[in-house]
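>>> Need a 3D model of the sequence below.
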Amino acid sequence: MPTRKGKGQETARAHAQVALPAESFPFARYTSVVGVHTSLLAFSALVLPATSPPLNIFAQWDFSSSTSSKPERDILQALTENPVRTVAWMCAGAIVLQGWWATWIKKWANESQAAKKADSAEVAQQRLERKEKPLRSREDVTAYTQAAAMTLAGSVVFYAMTVLFGAPLLSHPLQTYAMSLLLSVLTVLPPAYTLGIPSLGSDSPSLVSRLTWVRLFAELSPRTPVERALVYPAIGAVTGSWLGAIPIGLDWERPWQAWPLTPTFGAVGGYIAGSLVALVVSATFELAQADVAHQNQTQKLGKSKKKS
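The predicted structure follows:
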């Protein structure tokens, strides 16, 4: 003869059925890392080129005069007197920061994929294996190498596109390529390390990787916070660089109008803006989903109380 369930058992079962899903994306850590990343990018674009020594430092040494007799330069003069050196230092800072940022993105992507699996024992085993792996495992080195190769290939593509859009072909090749390399570091390096290089193979992993690249960067349809953190900054960098080329055509003859300073700083500014937009959009979606889940939980609890 079946036993009659009490009110406490039904209420507990209702709580278990409508419990909120476990948080699969660490928004608190994501917010702090985005703040540090964007701040350091701004620092590497404005302060690093202005305070770093010139690239031909040995040729600039002057032992005949003291450093106190040399006039001090303001930050605008230091950034505009040698555009190649400025963009080169920006590339150096961006390479370090984007490599660090790509490591975080890939870590969050792996954690999100592990959280979707139903077998908790398998998830725990994978986390244990990740902790036991050395910091520089063979897979990480291979991923970084492939991402670097794709970044260099992307710089060539950006160089060709920049020339097609009207950049000087023969007069300023070094300046144009430096800007193209910075664009590739900002837009190609993080997704290449996180998603892997798209393959032309016919197997399932290659097909999934290729379709993911198409969905993100051709259809511009990110679905998760990790994907938004990859797509929105890339869109911002390209858009900012394109808008930054507008002041060069103005007949003002200012030092900061030298090629390619304004498109380069526009790319960095657009990337920072895209990162912040991705953070706001992902947080908005997360809050909306939490509110919907809370309303569903309240409704189901109300129905369970009426039945009891």
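
>>> what does stretch 39-49 contact?
Residues outside stretch 39-49 that contact it (CB atoms under 8 Å, 6 or more residues apart in numbering) are 75, 78-79, 85-87, 89-90, 92-94, 97, 264-265, 268, 271-272. (Glycine included, C-beta is placed from N, CA and C.)

>>> The residues you listed in helices, which ones?
Those of the contacts of stretch 39-49 mapping onto helices are 75, 78-79, 85-87, 89-90, 92-94, 97, 264-265, 268, 271-272, per DSSP state H.

>>> what's stretch 240-258 in contact with?
With contacts defined as CB under 8 Å, 6+ apart, stretch 240-258 is touched by 76-77, 79-81, 83, 165, 179, 183, 259, 262-271, 273.

>>> Ramachandran coordinates for the closest residue to Met90 other than its chain neighbours?
Of all residues not flanking Met90 in the chain, Ala45 sits nearest, at 5.4 Å (CB to CB, 6 or more residues apart in numbering). Backbone geometry at Ala45, expressed as degrees, to the nearest 10, gives phi -90, psi -30.

>>> Please identify the buried residues of the helix or strand that Arg210 is a member of?
Assigned by DSSP states H and E, Arg210 belongs to helix 204-217. Residues of helix 204-217 classed as buried under the neighbour-count rule (16 or more other CB atoms under 10 Å) are Ser209, Trp213, Leu216, Phe217.

>>> rewinding a little: buried subset of the contacts of stretch 240-258, written for ChimeraX?
To isolate the buried members of those in ChimeraX, using 16+ other CB under 10 Å:
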select :79,80,83,179,183,259,262,263,264,265,266,267,268,269,270,271,273
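
>>> Return stretch 226-238 as PDB; C-alpha atoms alone will do.
Extracted in PDB, the C-alpha atoms of stretch 226-238 (Å, rounded to 0.1, in the frame of the first residue of the first chain):
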ATOM      1  CA  VAL A 226      32.800  33.900 -24.000                       C
ATOM      2  CA  GLU A 227      31.700  34.400 -27.700                       C
ATOM      3  CA  ARG A 228      30.700  38.000 -27.000                       C
ATOM      4  CA  ALA A 229      34.000  38.600 -25.400                       C
ATOM      5  CA  LEU A 230      35.600  37.500 -28.700                       C
ATOM      6  CA  VAL A 231      33.300  39.000 -31.300                       C
ATOM      7  CA  TYR A 232      32.300  42.400 -29.900                       C
ATOM      8  CA  PRO A 233      35.900  43.700 -29.300                       C
ATOM      9  CA  ALA A 234      36.900  42.500 -32.700                       C
ATOM     10  CA  ILE A 235      34.100  44.500 -34.300                       C
ATOM     11  CA  GLY A 236      35.000  47.500 -32.200                       C
ATOM     12  CA  ALA A 237      38.700  47.300 -33.200                       C
ATOM     13  CA  VAL A 238      37.900  47.200 -37.000                       C
END
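
>>> who touches it?
25, 30, 34, 105, 108-109, 112, 183, 186-187, 190-191, 194-195, 216-217, 220, 222, 267-268, 270-275, 277-279, 281-282.

>>> just stretch 173-180 next, same as before
For stretch 173-180, contacts defined as CB under 8 Å, 6+ apart pick out 83-84, 87-88, 91, 155-156, 158-159, 162-163, 167-168, 241, 259-260, 263-264, 267.

>>> re the thing from before, so what does the helix holding Arg210 touch, helix or strand wise?
Packing contacts for helix 204-217, counted by 3 or more CB pairs under 8 Å, 6 or more residues apart in numbering; DSSP states H and E, involve helix 189-195, helix 225-244.

>>> Now the element after the helix or strand Ala42 falls within, going C-ward?
Using DSSP H and E, Ala42 falls within helix 27-46. Next helix or strand after helix 27-46 toward the C-terminus (DSSP H and E): helix 48-51.

>>> what's the spacing between the nearest residue to Ile95 once chain neighbours are set aside and Pro83?
What sits nearest to Ile95 in space, not counting adjacent residues and going by CB to CB, 6+ apart, is Val185, at 5.6 Å. Using CB to CB, to the nearest Å, Val185 is found at 17 Å from Pro83.

>>> Over to Asp291?
For Asp291, the distance to Pro83 (CB to CB) stands at 49 Å.

>>> What of Thr151?
21 Å.

>>> repeat for Phe285
40 Å.

>>> re the thing from before, just the buried ones among the contacts of stretch 226-238, please.
Among these, the ones that count as buried by 16+ other CB under 10 Å are 25, 30, 34, 105, 108-109, 112, 183, 186-187, 190-191, 194-195, 216-217, 222, 267-268, 270-275, 278-279, 282.

>>> what does the helix holding Arg210 contact?
191, 195-201, 221-222, 227, 230-231, 234.

>>> Take the residues you listed and write them to TSV, including pLDDT.
Shown next, in TSV, are the contacts of helix 204-217 (pLDDT from 0 to 100):
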residue	pLDDT
Pro191	97
Leu195	94
Gly196	91
Ile197	91
Pro198	89
Ser199	84
Leu200	82
Gly201	81
Ser221	94
Pro222	95
Glu227	95
Leu230	97
Val231	97
Ala234	98
